[in-house]
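Q: Just to be clear, the model below is a prediction. Sequence and coordinates:
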Amino acid sequence: MVRRRDNRAQGPGTPARSEPAARHAEDSRLGAARHLNVRHMPAWLKVTTAVVAVVLAGGLAFAGYWYFRLQSNISTAALGAGSSRTDTTDDATGRLQILILGSDTRDGKNSNYGSTEDSTGYGNSDVMMLMDISEDNKRVNVISFPRDLLVDIPKCTDQKTGKQYAARSGIMINEAMKEAGIGCAVDTVNKLTGMEVDYFMMADFNAVKELSNAVGGVSVCISDAVYDPDSRLRLPKGTSQVQGEQALAFLRTRHAFGDGGDLGRIKAQQGFLSSLTRKIKDDGTLSNPAKLLNIADVITKNLTVDDGLSSVPSMITIANRLKTIDVGKVAFVALPTVPAASDPNRLEAAQPASSQLFAALRKDIDLTDPDGKETPSPSATPKPSASSTPTATPKPTPTAAPYDKALQPVTVANGTGSATRTQEIVEAVVAGGFTQVGQLEADATAKTMVYYGPEFADVAADVAALFGIPAAQVAPSSGVAGVQLYLGSDFPSGTKYGKATVPKDIVNQTASDTVCQQANPELIVQQ
């Protein structure tokens, strides 16, 4: 057998040549290999080759320049302030929660809006919104938290200094990041919602001005001409284009809309973002590299993000997801609130509506179509085994029941770990006709049960049917007088077992809606 690759005859230090190359060199009639003969290349081919080389080199240089520029623009901070994450998500395909913050810091370019004494420490969050991108990438929820909302702030550690701050109760949510940094605001939102923020983005006053200029202005509408001396917002009745200082004033004003409170301000901010979303989509900005680079440059110059979102590829991945979503499925929501019991000038989460909202978000329900099919995370939804069969829900007794519902003793024992569930379920029991309702303190339990005493089996079946609780979870108990509905952690919200309840009219608007803001009567002026 001939070993064709044996080149030992060439001697040491002599590089091996392939057979075709050797033939070219050994046959003088062939001359040099034609594909290497640059001198005899046609002129047009030389020019074309040179142009392609220049374009490629220029393109690489251009891409490298912008990558370096955008990357160097970004400022970073820690995602949390002591809490540990329980899972990770895929930027391209996973469900994402991004906390969007507007800082009221008065440093640097923001010094025109007050002194540093107006914003101590890390500053307060002037705007706080949670952007929730569904796993199927078909919808986005944007939940706004009023700055005057009183919440419990968990124990936080400043990730820069290592200084620890004790947990506090009844504190305005916009103060969450003032002492321990942005990570403490993230931990506070996690505690409030029961969800887990994946990333955060924090922008300052200057970002709003420059972004509104970059897109050529944002269209806003107001019911009457208004002037707010505090923010210096002055707008005529109807539709206007705002940018620069006017855009910032529109978002900052605390008195120009509604009754001059936080809800009017939130609705105006949501209207602004809806209009901005439509403009970016309609202008094709997310598909236009030149426009996109300009906006990216403006945003990253005035943006602080967590370490996980601090790379340009991560931001591009998320931007690519957002550009495909129907604006009609971008829902803007305000957390349901009521005046706080401790201070009527502050707000607290309204119950049970707030708990219902958070439960619906955790189950990934489409807020724009809550009665449609639920779409929980595919990765978290177990597939039923071939041998499994559904457990029937008890059938209620006939309409002409042999008992009077108003006389039957029903007790609600709340073992869900959420104090707000008691009120919600008691109201549902009463609405079902069982008006003799009591409450019991209960230990936490995993499984919801309906227990009944002797001669109350029919009443228990009706109570279970009222809530859609399976028959397998209805059982007799000698220690129960009447019927006891013992709530477990498997029934965390709503009034139907296994299904979250979405508060009525929870969506203020979608990004497809053009909404005219109601002017505060006290600030209306004559045009």
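A: Alright, I've got the coordinates.
Q: neighbours around the closest residue to residue 421 other than its chain neighbours, how many?
A: Closest residue to residue 421 apart from its sequence neighbours, by C-beta to C-beta, 6 or more residues apart in numbering: residue 414 at 5.3 Å. (C-beta placed from N, C-alpha, C; glycine too.) By the criterion of other C-beta atoms under 10 Å, residue 414 has 25 neighbours.
Q: distance of residue 414 from residue 127?
A: Distance of residue 414 to residue 127, computed by C-beta to C-beta, to the nearest Å: 35 Å.
Q: before we move on, what about residue 338?
A: 21 Å.
Q: neighbour-wise, which of those two wins?
A: Between residue 338 and residue 127, counting by other C-beta under 10 Å, residue 127 is the more crowded of the two (22 against 13).
Q: sec struct for the more buried one, please.
A: strand (DSSP: H, G, I helix; E, B strand; the rest coil).
Q: Tell me the secondary structure at the nearest residue to residue 502 once chain neighbours are set aside.
A: Excluding the flanking residues, the one nearest residue 502 by C-beta to C-beta, 6+ apart is residue 370, at 3.7 Å. Using three-state DSSP, the structure places residue 370 in coil.
Q: Tell me how many other residues crowd residue 370.
A: Neighbours of residue 370 (other C-beta under 10 Å): 17.
Q: quick one: the helices in the chain?
A: Here the chain has its helices, by DSSP state H, at 19-26, 43-73, 182-193, 205-214, 245-252, 262-282, 289-301, 312-322, 353-362, 420-431, 457-467.
Q: Rebuild these as CSV, extending it with distance to residue 515.
A: CSV is the format used below for the helices of the chain (distance: least, C-beta to C-beta, whole Å):
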stretch, distance to residue 515
helix 19-26, 73
helix 43-73, 33
helix 182-193, 25
helix 205-214, 18
helix 245-252, 13
helix 262-282, 5
helix 289-301, 24
helix 312-322, 21
helix 353-362, 20
helix 420-431, 30
helix 457-467, 37
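Q: just those helices: most buried one?
A: Ranked by mean neighbour count, these are led by helix 182-193 with a mean of 24 (mean count of other C-beta atoms under 10 Å).
Q: Could you give the bridge partners of residue 349?
A: residue 337 (DSSP bridges).
Q: So that it lines up with my notes, have the first residue be 222 from now on.
A: All right, first residue 222 from here; so that's residue 570.
Q: how many other residues sit next to it?
A: With other C-beta under 10 Å as criterion, residue 570 counts 22.
Q: ok now do it, which residues does it touch?
A: 370, 372, 413, 556-558, 576 (C-beta atoms under 8 Å, 6 or more residues apart in numbering).
Q: how does this protein divide up, domain by domain?
A: 297-583, 626-708 (automatic domain parsing).
Q: Could you give the number of residues near residue 320?
A: Neighbours of residue 320 under the rule other C-beta under 10 Å: 25.
Q: what does the model give residue 363 for pLDDT?
A: We note a pLDDT of 96 for residue 363 in this prediction.
Q: I'd say residue 343 and residue 396 touch.
A: No: look at residue 343 against residue 396 with C-beta atoms under 8 Å: they stay out of range, at 10.1 Å.
Q: Counting neighbours, go ahead and name the busier of those two.
A: Taking neighbours as other C-beta under 10 Å, residue 343 and residue 396 compare with residue 343 leading, 22 against 19.
Q: which residues does the more buried one contact?
A: 326, 398-403.
Q: Without its sequence neighbours, what residue ends up closest to residue 415?
A: residue 579 (5.5 Å).
Q: How much space separates the one you found from residue 412?
A: Residue 579 sits 11 Å away from residue 412, going by C-beta to C-beta.
Q: what do you get for residue 370?
A: As defined by C-beta to C-beta, residue 370 lies at a distance of 13 Å from residue 412.
Q: Could you do residue 726 as well?
A: On the measure of C-beta to C-beta, residue 726 and residue 412 end up 27 Å apart.
Q: quick one, phi/psi of the closest residue in space to residue 306 that isn't next to it in sequence?
A: Leaving aside its chain neighbours, residue 306 sits nearest to residue 417 (6.6 Å; criterion: C-beta to C-beta, 6+ apart). Here is the backbone geometry of residue 417 (degrees, to the nearest 10): phi -130, psi 110.
Q: shouldn't residue 417 be in contact with residue 304?
A: No: Residue 417 lies out of contact with residue 304 (C-beta under 8 Å); the separation is 9.0 Å.
Q: And those two? Which one has more around it.
A: residue 304 (20 against 16).
Q: Let me see the contact set for the closest residue to the more buried one other than its chain neighbours.
A: Nearest non-adjacent residue to residue 304, counting by C-beta to C-beta, 6+ apart: residue 408, 4.8 Å away. Going by C-beta under 8 Å, 6+ apart, residue 408 touches 301-304, 375, 377, 397.
Q: And for residue 296?
A: Contacts of residue 296 by C-beta under 8 Å, 6+ apart are 524-526.
Q: Using TSV, lay out those together with pLDDT.
A: Listed next are the contacts of residue 296 as TSV, based on pLDDT from 0 to 100:
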residue	pLDDT
524	83
525	88
526	86
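Q: Among those residues, find the one with the greatest number of neighbours, please.
A: residue 526 (23 neighbours).
Q: so which of the helices of the chain gets nearest residue 353?
A: helix 574-583 (6.2 Å; C-beta to C-beta).
Q: Return the distance of that closest one from the chain's centre.
A: 14 Å (C-alpha atoms, centre = their mean, to the nearest Å).
Q: shaky segments in the stretch 572-721 of the chain?
A: 594-622 (pLDDT under 70).
Q: can you give me the strands in it?
A: 631-635, 658-662, 670-673, 695-697, 704-708 (DSSP state E, counting those that start in this stretch).
Q: Also the stretch 322-471 of the chain?
A: Counting by DSSP E, counting those that start in this stretch, the strands of the stretch 322-471 of the chain are 346-354, 361-365, 371-374, 377-378, 385-386, 389-393, 420-424, 439-443, 447-449, 454-456, 459-463.
Q: show me where pLDDT drops low in the chain?
A: 222-292, 305, 307-308, 325-342, 507, 594-622.
Q: Which one (most neighbours) among the contacts of residue 570?
A: residue 576 (26 neighbours).
Q: Contacts only, for the closest residue to it other than its chain neighbours.
A: Distances taken as C-beta to C-beta, 6+ apart put residue 641 closest to residue 576, at 4.8 Å, once the chain neighbours are dropped. Neighbour list for residue 641: 572-573, 575-576 [criterion: C-beta under 8 Å, 6+ apart].
Q: and which of these is nearest residue 444?
A: Checking the contacts of residue 641 one by one against residue 444 (C-beta to C-beta), the nearest turns out to be residue 575, at 28.7 Å.
Q: you'd agree residue 379 is up against residue 301?
A: No: using C-beta under 8 Å, residue 379 makes no contact with residue 301, being 11.5 Å away.
Q: more neighbours, these two?
A: With neighbours defined as other C-beta under 10 Å, residue 379 and residue 301 compare such that residue 301 has more, 24 against 19.
Q: so who does that one touch?
A: Contacts of residue 301 (C-beta under 8 Å, 6+ apart): 380, 404, 407-408.
Q: Perfect, that will be all.
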